[in-house]
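K.L.:
my questions are about this predicted structure, shown below with the sequence.
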Amino acid sequence: MPFRLWFQAPRRVLVLFVTITLVPAAALGWLGWRTLEQNRALDHQREVEGLELMADRISAVLDRALADLQGRLDSPAASLPENTILVSAGPKDLEATPPGRLVYYPVAPAGTESPSARFAAADELELRRKDMTGVIALLRKEIENRDPSVRAAALLRLGRIEKKLGHPEAALAAYSELAKLGEVRVEGLPAEMAAREARCRLYEQAGRVKELAREAAALDAGLRQGRWRIARATWQFHLEEAARWMSGPAPAPVDGNQLALAAAAEWVYQRWQVDRDSSGHQFLTLED
């Protein structure tokens, strides 16, 4: 036998050596993978348990807060916490306490508006006879009426006619008087809000950019402050119109807490409409 063959291992010995080496390595790798999976499962379980514990603590805090709030509601003289409202619904109206915390309402208050039939004679003079002097005299007479809804309707019509005749200052004077009537409803809007919108449209038509931007900013501020009791669609439309009229950089988004509070009031009211006897606690995610 050649000398070099003495140092060559037999083929069977080599195969056996490789087999003995690979089997423990594979077993060790499998055990390592299993250990890693078990550790991941254990970490996940601990995370879930931690979240459950945190949720229990949060729930306990909220329960105490709700109990405290219920106690305040039972005492008429007590004040409500920040970002909290009391919604009181009646057969014809909806109240939110304290005022100004809702940027929009689940429904607009019904209010009392002057019937359109009352101004049939004014419409006849304006539209058919084209007697603008006569219609203005008739509307000025209605402005003296003791009923605020009649005065509001007459002032809005007078402003529109003066604007049509090319008398912007007279129209603005009528809108200024209309704004003083505050929450009196006219054509579905509070009188003050209707006056601000009418002024914006007059300034827009006349190309009075600076005055338009100033009036639109006041309208935008009133909408963000919950100044007027209007429904969501009306609020959203006029907010977009105010932004268009300001014609500058896009206004900052409305505060998310305000939107969530208004959405929550809307949800409560809709549920109450379906079931007047519903009660209890409900946690909601609204406006993110």
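P.N.:
On my side now, so go ahead.
K.L.:
list the buried residues of stretch 149-169.
P.N.:
149-163, 168 (16 or more other Cβ atoms under 10 Å). Every C-beta, even on glycine, is put in place using the N, C-alpha and C of the backbone.
K.L.:
strands along the stretch 1-150 of the chain, start to end?
P.N.:
For the stretch 1-150 of the chain, applying DSSP state E, counting those that start in this stretch gives strands covering 86-89, 94-97.
K.L.:
what's the helix or strand for Ala242?
P.N.:
helix 232-246 (DSSP states H and E).
K.L.:
contact partners of the following helix or strand past that helix?
P.N.:
Next along the chain after helix 232-246, taking DSSP H and E as the criterion, comes helix 256-274. Residues outside helix 256-274 that contact it (Cβ atoms under 8 Å, 6 or more residues apart in numbering): 83, 85, 87, 89, 94, 96, 101-107, 224, 226, 232, 278, 284, 286-288.
K.L.:
how much space separates the residue nearest to Glu211 when sequence neighbours are not counted from Glu162?
P.N.:
Distances taken as Cβ to Cβ, 6 or more residues apart in numbering put Tyr203 closest to Glu211, at 4.8 Å, once the chain neighbours are dropped. Applying Cβ to Cβ, to the nearest Å, the value for Tyr203 to Glu162 is 14 Å.
K.L.:
all helices for this structure, in order.
P.N.:
11-73, 120-123, 132-143, 148-164, 168-179, 191-206, 209-224, 232-246, 256-274 (DSSP state H).
K.L.:
check which helices and strands the fifth one sits against.
P.N.:
Judged by 3 or more Cβ pairs under 8 Å, 6 or more residues apart in numbering; DSSP states H and E, the packing partners of helix 168-179 are helix 148-164, helix 191-206.
K.L.:
buried sites along it?
P.N.:
Those would be Pro168, Ala170, Ala171, Leu172, Ala174, Tyr175, Glu177, Leu178, Ala179, for helix 168-179 by 16+ other Cβ under 10 Å.
K.L.:
now those residues in TSV, with pLDDT?
P.N.:
Compiled in TSV, the buried residues of helix 168-179 are given as follows (pLDDT from 0 to 100):
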residue	pLDDT
Pro168	96
Ala170	96
Ala171	96
Leu172	97
Ala174	97
Tyr175	97
Glu177	97
Leu178	97
Ala179	97
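K.L.:
quick check, nearest of those to Gly134?
P.N.:
Relative to Gly134, the closest of these is Ala170; by Cβ to Cβ it sits at 16.1 Å.
K.L.:
distance check, that closest one against Arg196.
P.N.:
From Ala170 to Arg196 the distance is 18 Å (Cβ to Cβ).
K.L.:
equivalent analysis for Glu47, please.
P.N.:
When distance is defined by Cβ to Cβ, Glu47 is 54 Å away from Arg196.
K.L.:
those two: who's more crowded?
P.N.:
When neighbours are counted by other Cβ atoms under 10 Å, Glu47 and Arg196 differ, and Arg196 comes out ahead with 25 against 10.
K.L.:
pretty sure the more buried one contacts Leu178?
P.N.:
No. Contact between Arg196 and Leu178 fails when scored by Cβ atoms under 8 Å: they sit 9.5 Å apart.
K.L.:
chain neighbours aside, what residue packs nearest to Ala242?
P.N.:
Nearest to Ala242 is Asp220, by Cβ to Cβ, 6+ apart, at 4.0 Å.
K.L.:
and the pLDDT at the one you found?
P.N.:
pLDDT, Asp220: 97.
K.L.:
thought it was touching Trp235?
P.N.:
No. Contact status for Asp220 versus Trp235: not in contact, 11.3 Å apart, counting by Cβ under 8 Å.
K.L.:
which of these two has more residues huddled nearby?
P.N.:
Trp235 (23 against 20).
K.L.:
that one: what's it in contact with?
P.N.:
The contact partners of Trp235, by Cβ under 8 Å, 6+ apart, come to Val103, Tyr104, Leu223.
K.L.:
tell me the contacts of Glu142?
P.N.:
Residues near Glu142 by Cβ under 8 Å, 6+ apart: Arg118, Phe119, Ala122, Val150, Arg151, Ala153, Ala154.
K.L.:
if we go to 6 Å?
P.N.:
Val150, Ala154 (Cβ atoms under 6 Å, 6 or more residues apart in numbering).
K.L.:
in space, what's closest to Thr112 - neighbours in sequence excluded?
P.N.:
Ser149 is the one closest to Thr112 (Cβ to Cβ, 6+ apart), at 5.2 Å.
K.L.:
how much space between the closest residue to Asp93 other than its chain neighbours and Ala171?
P.N.:
The spatially closest residue to Asp93, leaving aside those adjacent along the chain, is Pro109, at 5.3 Å (Cβ to Cβ, 6+ apart). Distance of Pro109 to Ala171, given as Cβ to Cβ: 27 Å.
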